[in-house]
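Undergrad: Got a predicted structure here, sequence first:
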Amino acid sequence: MNVEDFNFTLPEELIAQTPLQRRDASRLMVLDPDVEVFKHEMFPDIVQYLNEGDCLVLNDTRVLPARLFGEKETGGQVEVLLLNQERNDEWETLIKPAKRVKPGTVLSFGGGKLKAECTSILEHGGRMLRFKYSGVFLEILEELGEMPLPPYIKEKLADKDRYQTVYAKHDGSAAAPTAGLHFTEELLENIKEKGVHVTTITLHVGLGTFRPVSAETVEDHQMHAEFYQMTEGTANLLNETKENGNKVVAVGTTSLRTLETIAKKHGGYFKKESGWTDIFIYPGYTFYGIDALLTNFHLPKSTLVMLVSALAGTDFLLSAYEEAVRQRYRFFSFGDAMFIMKGSRQTWQQ
């Protein structure tokens, strides 16, 4: 399968540079792949596509202010992006420029408030850093770090909280699960009042978000592993939802990848579990755990477009993207949303 099959033309002015004033003021394109039709809604209309007994699954990871700017003790500016905490104060990182950061190189941040020594060079070109400091690392990071916005966002973020979901809880991500940015606490309450269950999983978003597909064929691409966790309460609720014939709705591709990792392993059932997943979903994949997906509009030729194509069908998805461009939808992290319902259990609102 050729990576070029997932390409599309996107005018640069449609890339959302800043969040809307209200989280839930974004637009919503609703897709039904079974009959290949789509509708244009506003985000709060998501409520009418959810039924009593359905279960909405949110990723409650919290984004770290993981971008640090500092200098080598021998001179020269560096930018560091924290990806995964491996052990104690050792972190997997991406560094720019990385060429002269070798094992033994010492970096300094905030006038020496935080220091780091490079301990090894990783296969993907990243660096392992061991940090040294006095006090609480996360407090220092909150003071010195910036939100790790994707490279296509050129505007500076005025409010750090707008790159966090309202339900963010567990520190550990290098990027936000952006489909969840549209929800307000009030909208989540409206969903619960309809009898829809709302539960959480955790997947800490890592290098995969920043890594483009360099292979020519889809099958040759290797996903980077990310840490996930599901509680026993969530597993039981999801199993009950499926047994009752209701929809499991993944909010974002990170939730979907977690749900599919677990459900595929256990033959369509969910269990309390934690671990690392490098699951790569693209057309031809059989879904085990989810019935619907809420997601944003993604980059051309990205693994996320491939994932959504597996659910919606490549040709239909790309036609929906073309329509989104015509209708001037806002794309990527701070952009508009798409809701895809699959399978015979869905209810398509007329």
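TA: Great, that's in hand.
Undergrad: Please name the nearest non-neighbouring residue to residue 316.
TA: With C-beta to C-beta, 6 or more residues apart in numbering as the measure, residue 36 is the residue that lies nearest to residue 316, at 5.1 Å, once sequence neighbours are left out. All C-beta spots, glycine's among them, are computed from the backbone N, C-alpha and C.
Undergrad: got the buried residues for the helix or strand of the chain with the lowest mean pLDDT?
TA: None of the helices or strands of the chain scores lower by mean pLDDT, DSSP states H and E than strand 77-87, at a mean of 91. For strand 77-87, the neighbour count (16 or more other C-beta atoms under 10 Å) marks 78, 80, 81, 82, 83, 84, 85 as buried.
Undergrad: any chance of those in CSV, plus distance to residue 57?
TA: Compiled in CSV, the buried residues of strand 77-87 are given as follows (distance: C-beta to C-beta, whole Å):
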residue, distance to residue 57
78, 38
80, 32
81, 27
82, 26
83, 24
84, 23
85, 25
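Undergrad: which of those lies closest to residue 101?
TA: Residue 101 lies nearest to residue 78 out of the buried residues of strand 77-87, by C-beta to C-beta, at 6.8 Å.
Undergrad: So that closest one sits against residue 71, correct?
TA: Yes - the pair residue 78 / residue 71 is scored as a contact, 6.4 Å apart, by C-beta atoms under 8 Å.
Undergrad: Need the overlap of contacts for those two.
TA: Between them, residue 78 and residue 71 have residue 107 as joint contacts when contacts are counted by C-beta atoms under 8 Å, 6 or more residues apart in numbering.
Undergrad: how about low-confidence regions in this structure?
TA: Applying pLDDT under 70 to the predicted model, the residue ranges of the chain that meet it are 207-210, 342-350.
Undergrad: center of it, which residue is that?
TA: residue 177 (3.5 Å; C-alpha atoms, centre = their mean).
Undergrad: That one and residue 201, how far apart?
TA: 10 Å (C-beta to C-beta, to the nearest Å).
Undergrad: Which neighbours do the two have in common?
TA: Taking C-beta under 8 Å, 6+ apart as the contact rule, the neighbours common to residue 177 and residue 201 are 59, 255.
Undergrad: pretty sure the residue nearest to residue 316 contacts residue 320?
TA: No - in this structure, residue 36 is not within contact of residue 320 by C-beta under 8 Å, at 9.2 Å.
Undergrad: When these two are compared, which one has more neighbours?
TA: With neighbours defined as other C-beta atoms under 10 Å, residue 36 and residue 320 compare such that residue 320 has more, 24 against 13.
Undergrad: Look at that one and give its secondary structure.
TA: Of the three states, residue 320 takes helix according to DSSP: H, G, I helix; E, B strand; the rest coil.
Undergrad: dump the residue contacts of the residue nearest to it when sequence neighbours are not counted.
TA: Among residues not flanking residue 320 along the chain, residue 38 sits closest, at 5.3 Å (C-beta to C-beta, 6+ apart). Neighbouring residues of residue 38 by C-beta under 8 Å, 6+ apart: 29, 30, 31, 32, 320, 323.
Undergrad: Dihedrals phi and psi, the third one?
TA: Right, residue 31. With angles defined as degrees, to the nearest 10, residue 31 sits at phi -110, psi 140.
Undergrad: So it is in contact with residue 320, correct?
TA: Yes - at 5.8 Å, residue 31 and residue 320 qualify as touching, with contact defined as C-beta under 8 Å.
Undergrad: overlap in contacts of these two?
TA: Taking C-beta under 8 Å, 6+ apart as the contact definition, residue 31 and residue 320 share the neighbouring residues 38, 312, 338.
Undergrad: So which of those residues sit within strands?
TA: Using DSSP state E, 38, 338 are the members of these that sit in strands.
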